[in-house]
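In: sequence? don't have it. structure:
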């Protein structure tokens, strides 16, 4: 009887301690405001958010954590969405923004209402918001560094950009142009927006190819490689050295070409699971913890040697990914 009583007391204490641990945020509501969902990266990002936040809700860490997505990367629509989230009494808004500065007004409104705002990927410049991003300029610059090592004599480059007006697109493009300035043997002779989607990229590249001279390399923003390769093939053009992203179809095409003819390239991207890091950052802030306003996370890089391993761990039709636990988030904040 004493053993049973002691066991029950131990279980009660564990439950009580768990309740105390989660009490600070158990009644808190965190919303995701997402500006676009029209490509596989965004779909993977939303899937990661749902997976991690659903468990956090079931574990009693937060009360709810729904995701809201605007239709077509419209600033006005996302601003209206954020205003609705303010009125609905959310404690924190995690934000993938349509513009780095056009949403600053409504973000400030949220902060003034006592709401924590954590932006990621497409970050905002409003000082009251938190920002989580990779070094996107570096992500662009290292592509040209890699090409300089592979093609020392240089040549013409085609640049494939992402969503026009979005922070990520501007930053990666700026890094690519800095890389070209550092390696003047290269010249960007054409630029298109592929919206980080294979079908859009293929059409855009197909449209510009007839006007371009020989292309030695294609610099991208992730998610564009397969579409670019298909456009070159359809045009009967020699496939240049294309920098890849982290989509399953890109990695599969790369593996096929590697096996067939030794095709060699590299991949650089941001893991869509960064949304889960943003969630935990918002939760920790609501828990009263002090978090830096600007966090930089490593980008996901795949090379010739680890291609197969990354492809094996990537869901068919999905994206190579990294999801974050609360402990992972703490390590990122600690710089580990």
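Out: That came through, no problem. Note that the structure is a prediction, hence the values are computed from the model and not measured. Residues are numbered from 1 along each chain as shown.

In: give the contact list for residue 166.
Out: Contacts here follow CB atoms under 8 Å, 6 or more residues apart in numbering; on that basis residue 166 touches 35, 73, 97, 98, 99, 100, 122. Yep, even glycine has a C-beta here, placed from its N, CA and C like the rest.

In: Likewise for residue 315?
Out: Residues near residue 315 by CB under 8 Å, 6+ apart: residue 248.

In: Assign a three-state SS to it, would you?
Out: When classified by DSSP: H, G, I helix; E, B strand; the rest coil, residue 315 comes out as coil.

In: How confident was the prediction at it?
Out: Looking at residue 315, its pLDDT stands at 89.

In: repeat for residue 14
Out: pLDDT for residue 14: 41.

In: Need the contacts of residue 166 in TSV (columns: distance to residue 156 and secondary structure).
Out: As requested, these are exported to TSV (distance: CB to CB, whole Å; DSSP: H, G, I helix; E, B strand; the rest coil):
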residue	distance to residue 156	secondary structure
35	33	coil
73	30	coil
97	34	coil
98	32	coil
99	31	coil
100	30	coil
122	30	coil
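
In: Ranking by neighbours, what's the top pick from these?
Out: Counting neighbours by other CB atoms under 10 Å, residue 97 comes out on top of those with 32 neighbours.

In: The residue nearest to it when sequence neighbours are not counted and residue 74, how far apart?
Out: Closest residue to residue 97 apart from its sequence neighbours, by CB to CB, 6 or more residues apart in numbering: residue 122 at 4.3 Å. According to CB to CB, to the nearest Å, residue 122 and residue 74 sit 13 Å apart.

In: Give the residues shared as contacts by those two.
Out: Listed contacts common to residue 122 and residue 74 are 35, 98; contacts here mean CB under 8 Å, 6+ apart.

In: you'd agree residue 119 is in a helix?
Out: No. With three-state DSSP as the criterion, residue 119 is located in strand rather than a helix.

In: so what's it bridging to?
Out: Assessed by DSSP bridges, residue 119 has beta-bridge partners residue 95, residue 131.

In: Okay, it and residue 275: tell me how far apart.
Out: From residue 119 to residue 275 the distance is 11 Å (CB to CB).

In: Same question for residue 116.
Out: As defined by CB to CB, residue 116 lies at a distance of 16 Å from residue 275.

In: Comparing the two, which residue is more hemmed in?
Out: Between residue 116 and residue 275, residue 275 has the larger neighbour count (other CB under 10 Å), namely 28 against 23.

In: in the stretch 51-200 of the chain, which spans are helices?
Out: For the stretch 51-200 of the chain, applying DSSP state H, counting those that start in this stretch gives helices covering 75-87, 104-112, 136-150, 167-182, 198-208.

In: Pretty sure residue 53 sits against residue 62.
Out: Yes. Between residue 53 and residue 62 a contact is recorded at 7.4 Å, counting by CB atoms under 8 Å.

In: tell me, what's touching these two both at once?
Out: Overlap of the contact sets of residue 53 and residue 62 (by CB under 8 Å, 6+ apart) consists of residue 30.

In: I'd like the helices of the stretch 51-200 of the chain as TSV, with mean pLDDT, mean neighbour count and distance to residue 67 appended.
Out: Output for the helices of the stretch 51-200 of the chain, formatted as TSV (pLDDT from 0 to 100; neighbours: other CB atoms under 10 Å; distance: least, CB to CB, whole Å):
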stretch	mean pLDDT	mean neighbour count	distance to residue 67
helix 75-87	96	17	11
helix 104-112	98	18	17
helix 136-150	97	20	23
helix 167-182	96	20	19
helix 198-208	96	20	23
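
In: Return the distance of stretch 313-322 from the chain's centre.
Out: On the basis of CA atoms, centre = their mean, to the nearest Å, stretch 313-322 sits 13 Å off its chain's mean C-alpha point.

In: Oh, that last question was meant for stretch 313-329, not what I typed.
Out: Worked out by CA atoms, centre = their mean, stretch 313-329 lies 11 Å from the chain centre.

In: From the opening residue of that stretch to its closing one, how far?
Out: Stretch 313-329 has an end-to-end distance of 22 Å (CA to CA, to the nearest Å).

In: For it, buried residues please.
Out: Residues 314, 318, 319, 320, 321, 322, 323, 324, 328, 329 are the ones in stretch 313-329 that count as buried (16 or more other CB atoms under 10 Å).

In: Kindly reformat these as TSV containing distance to residue 24 and secondary structure.
Out: Formatted as TSV, these follow (distance: CB to CB, whole Å; three-state DSSP):
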residue	distance to residue 24	secondary structure
314	36	coil
318	34	coil
319	33	strand
320	34	coil
321	29	coil
322	27	coil
323	23	coil
324	20	coil
328	20	helix
329	16	helix
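
In: nearest to residue 228, of these?
Out: For these, the closest approach to residue 228 (CB to CB) belongs to residue 319, at 17.1 Å.

In: list the contacts for the closest one?
Out: Residue 319 sits next to 40, 41, 44, 246, 247, 248, 271, 272 when contact means CB under 8 Å, 6+ apart.

In: same thing with residue 54?
Out: Contact analysis of residue 54 by CB under 8 Å, 6+ apart lists residue 65.
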